[in-house]
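Asks: Just the structure for this:
(2 chains)
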Amino acid sequence: MHLREAKSDLASSGGARGGKLALDAAQASTTPAIAATARILARLKDQPGPLLPVLHAVQHELGCIPAEAVQTIAEALNLSRAEVHGVITFYPHFRTEPAARHTLEVCRAEACQSMGGERLAAHARAALGCDFHASTPDGSFTLEPVYCLGLCAQSPAVMIDGQPHARVTEAKLDRLLARTLEDTP
Amino acid sequence: MSAPVVIYVPRDAAALAMDADTVARDIERMADQRGLSVQVVRNGSRGLLWLEPLVEIATPQGRIAYGPVQPEDVASLFDAGWLTGGEHALRLGLTEEIPYLKHQERLTFARVGVIDPLSLQDYAAHGGLQGLKRALAMEPAQIVDEMVESGLRGRGGAAFPTGIKWKTVAGTPGDTKYIVCNADEGDSGTFADRLLMEGDPYVLIEGMTIAGLAVGATYGYIYVRSEYPHAIATLEAAIARARSVGWLGDDVHGSGRRFDLEVRKGAGAYICGEETSLLESLEGKRGVVRAKPPLPAISGLFGKPTVINNVISLATVPIILAKGAAYYRDYGVGRSHGTLPFQLAGNLKQGGLVEKAFGLSLRDLLYEFGGGSASGRPLRAVQVGGPLGAYLPESQWDVPLDYEAYIQISAMIGHGGLVAFDDTVDMARMARYAMEFCAIESCGKCTPCRIGSTRGMETIDKIAAGSQSREQREQQVHLLRDLCDTMLGGSLCALGGMAPYPVLSALNHFPQDFGIESSQSAAHAA
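Replies: As a prediction, the model looks like this:
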C-alpha cells in the first residue's frame, strides 16, 4: 500500500527526471507531433492522475497517439514508455494509427442485437467493404464496434463522427453514410 | 405584442439521434416565416423514448406534447395550429397526463425533461438546492445518519447501502478525501445515468456536494464514459456555471465550506465501471481491478478515503435531504427502499425510462409500460441488470422487483436496465455473447475471468456446432457448468464473477436452444 502511494505521488508530480527542462526542449522540437504533445503536457501534467487527460488531448489534436508522442509523455510524467504503452493499448478508445476521415461506430451489445443489430453490423461491413477495427481502402471510413451508446430503447444505434443515430435500418445507414460523404468527402 | 410561445425540443442524445437539432432549427425558421413569435427551449428527455423527438408546447392549460416529430412534420404542425394546442396526428395531449409518465413515481428524475438542464434559475425554481441548504445547516454525522436512515442502496448495481459507505469514509481519518461519481454506464440496456446527466446535471453536482459535506471531502471527480460526449459537454457546462455563481468553489453558497469537482473522461473500457478499476483509471493507469480489501472507503483514489457512488445514487441524495429520510424510505418493499429508474430497452414497443418504487413486476414493466414487443412477436426472454444479469423466462416475470427476491431466483436487478427479446432469439447465441463480451472486456488480472471467458466461448461453440452426439453435447454442458462455477467463485470482481449468470440462466431456462434435454438442466437448476 505504501508502495502504491509513493508511486502515484511520483506520477502526479510531473516527474523529476524528465521534468521541465526536457519538456521545454520538446516544445521546441521540429517534429510537429512532439511539439504538440509537449504543449499539451505543459498544460495538463500537473493535475493529479494526468495520463488519461493527456492521452485524450493528444488524440484529439493529432488524431491518434503516435509512437514519438509516447516517449515525450513518458519523460514528462516520469513513467516508463512501457507504462504509457500499456495504458494506450488497454483502452479501446485510444489509437496509435490515425483513423479514416470518418468513423462509423456500430453498437454490438444486447439491446441492439434484440432489434437486428447483427444484421446491421453485417450490412455495415458489406457497405464499407471492410471489417471492424479497419478502414475502407479509400480512407473514407473507419469501422469500429462499440458496446453501448446508451440509446438502448431506440435500437439499433450507431455513431458517425460523434453524432448519434437511432432506429437505424439498413436503408437509413446507407443514407447516413452517403450524407456524411456529401458533407465532407 | 404577446410573449413568445415556449416550445420545448429535447437536447438529449436520444432526441438528437432522431434529428432533434433539425427539428428545432425548422421550428424556428418556419415560425419566423409565418411571423409567429416562439422561444425554443432545449430541455432534457422525458424518457418516453419511442416518442423522441417529443416536442412540447407551453399553453395556459399546461405543456402539450407532440411526437415523434420529424423535420417533415413541422410544417403540418404549424398548419394545425399547434402553438395553441391544435389537433394533429402526432398530438399526445398534456404531457403530464400521458399514462406512461403519469403512472410513474419520479423522485430522482423529477426535473428531467421538465427544465432547461443548464438553467440555474430553472433548477432552483423546481425544488433544486433544498437538500443542500438543509445539509449546510446540519452536522456531518447527521447527514450520514439521514442517508443511512433513508435505506438508499447503491444504484450502480451492487446495492450496497450508501449511508454505510459514507459512514466508513467519514470515520476514516485523512486530510484529503474524495467523492467519485461512477458515470461509466456501460451496461447494454441502461441509459438512466445518461438521461440524468444530460437532463438535470445540477442535481448530481448538488448530491456530490452534500456527500462532500457529510464525509469531509472537498474535491470530486465524475468519471464519464467516452461514448457519452453529450453528457460530458452538459456536465462541463453545468460545472462552469455552478462555479461562476458560487455553487461550487471555496465558499459553497456562502457557507465558507469548500467543494469543487471535475469531469474525467473514460476511454472505452467496460471494466472501468468496476469501482477499483475506475480508481486506477482516474490515477492514469490501466483499468486493472484492485483486490479488496482495502475498501475504497478506507484507501481509494490516490490511496485516500473515497466515496465512490453511481450517478443515480448521488442524484438521489438531494431529495432525501430535502424531504427527509422517512419520505424516501416509505417507497418500495422489504429492504428495497425508494424508487428505481427502470430502463425499458430492446425489443419493446414503448422503450424508455420508468421511475417506480420497488415491488412491481417485470410483467407490469413489459406490458403496462412497454406495450409488448416492438416486432409484434411474443416476448421470450428478458435480460435484467446488464450483460452480467440473468435471462428471465416468462415464468419469472411476476417476481416482484426487489433486490432480495431477485437474488432468490439467481438474478439481479443491477442498475435497473432490462432488455427484451422476442421469440426469434437464440439463447445459446446470447450465452456465447455473454462469454465473448467478458473475454473482450476482461482486465486480465484474474485467471477465471481472463481464460475462463474464452474457454466458455469455445465450449458453447462446440455445443452449438450440431456435429456432436447428444452425449458429447451433454459432456460439454457439464464442462460449461463446471467452468461457470469456477468463474462465479474464483473471479476477483463482478465481471468474471457474474458473467456466468446470463450463461447459466440461458442453459437452465432455454435448454432446447442448446440441443439438450430439459430434464437434465432442470435437475441442475433445482
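
Asks: what's the nearest residue to B:Ala499 if we skip its chain neighbours?
Replies: B:Cys438 (4.0 Å; Cβ to Cβ, 6 or more residues apart in numbering or on different chains). Using the backbone N, CA and C atoms, a C-beta is placed for each residue, glycine as well.

Asks: That neighbour and B:Arg455 touch, don't they?
Replies: No. Assessed by Cβ atoms under 8 Å, B:Cys438 is found out of contact with B:Arg455, at 11.0 Å.

Asks: Comparing these two, which shows the higher neighbour count?
Replies: B:Cys438 (29 against 17; other Cβ atoms under 10 Å in any protein chain shown).

Asks: Can you report how many residues neighbour A:Ala33?
Replies: 18.

Asks: quick one, what contacts it?
Replies: A:62, A:66, A:68-69 (Cβ atoms under 8 Å, 6 or more residues apart in numbering or on different chains).

Asks: give me the number of residues near the residue in chain A positioned nearest to chain B?
Replies: Closest contact between chain A and chain B, by Cβ to the nearest Cβ, is at A:Ala153 (2.7 Å). Counted with other Cβ under 10 Å, residues neighbouring A:Ala153 total 31.

Asks: Report the contact partners of it.
Replies: A:111, B:14, B:49-50, B:191, B:343-345, B:348, B:351-352.

Asks: And for B:Asp513?
Replies: Contacts of B:Asp513 (Cβ under 8 Å, 6+ apart): B:426-429, B:506.

Asks: circling back to that earlier point, can you pick the most crowded of the contacts of A:Ala33?
Replies: Going by other Cβ under 10 Å, A:Ala69 tops the contacts of A:Ala33 with 28 neighbours.

Asks: What pLDDT is listed against that residue?
Replies: For A:Ala69, the pLDDT comes out at 96.

Asks: For the contacts of A:Ala153, which two are the farthest from each other?
Replies: B:Ala14 and B:Leu348 (14.4 Å; Cβ to Cβ).

Asks: how close does the residue of chain A closest to chain B get to B:Ile115?
Replies: Going from A:Ala153 to B:Ile115 by Cβ to Cβ, to the nearest Å gives 22 Å.

Asks: What of B:Ala411?
Replies: B:Ala411 is 36 Å from B:Ile115, by Cβ to Cβ.

Asks: again, but for B:Gly417
Replies: 25 Å.

Asks: sorry, back to before: quick one: buried ones out of the contacts of B:Asp513?
Replies: Buried subset of the contacts of B:Asp513 (neighbour count, 16 or more other Cβ atoms under 10 Å in any protein chain shown): B:427-428, B:506.

Asks: tell me, which of the residues you listed make contact with chain A?
Replies: Subset of these in contact with chain A: empty, counting by Cβ under 8 Å from any Cβ of the partner chain.

Asks: Return the subset of those residues lying in helices.
Replies: Among the buried ones among the contacts of B:Asp513, the members found in helices (DSSP state H) are B:427-428, B:506.

Asks: could you dump those to TSV with pLDDT?
Replies: Below are those laid out as TSV (pLDDT from 0 to 100):
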residue	pLDDT
B:Met427	97
B:Ala428	96
B:Ala506	97
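
Asks: Reformat these as TSV; add distance to B:Val180.
Replies: TSV is the format used below for those (distance: Cβ to Cβ, whole Å):
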residue	distance to B:Val180
B:Met427	37
B:Ala428	39
B:Ala506	34
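
Asks: of all those, which comes closest to B:Tyr223?
Replies: Taking these together and measuring to B:Tyr223 by Cβ to Cβ, the closest member is B:Ala506, at 31.6 Å.

Asks: ok now do A:Glu83, which residues does it touch?
Replies: A:74, B:285.

Asks: how far away is it from B:Val245?
Replies: Taking Cβ to Cβ, one finds A:Glu83 at 41 Å from B:Val245.

Asks: In terms of helix, strand or coil, where does B:Ile179 fall?
Replies: Three-state assignment for B:Ile179 (DSSP: H, G, I helix; E, B strand; the rest coil): strand.

Asks: Kindly report the same for A:Ser29.
Replies: Under three-state DSSP, A:Ser29 comes out as coil.

Asks: so what's it closest to, chain neighbours aside?
Replies: A:Ala35 (4.7 Å).

Asks: which residues sit in contact with the one you found?
Replies: A:26-29.

Asks: If we use 10 Å, what do you get?
Replies: A:26-29, A:72 (Cβ atoms under 10 Å, 6 or more residues apart in numbering or on different chains).
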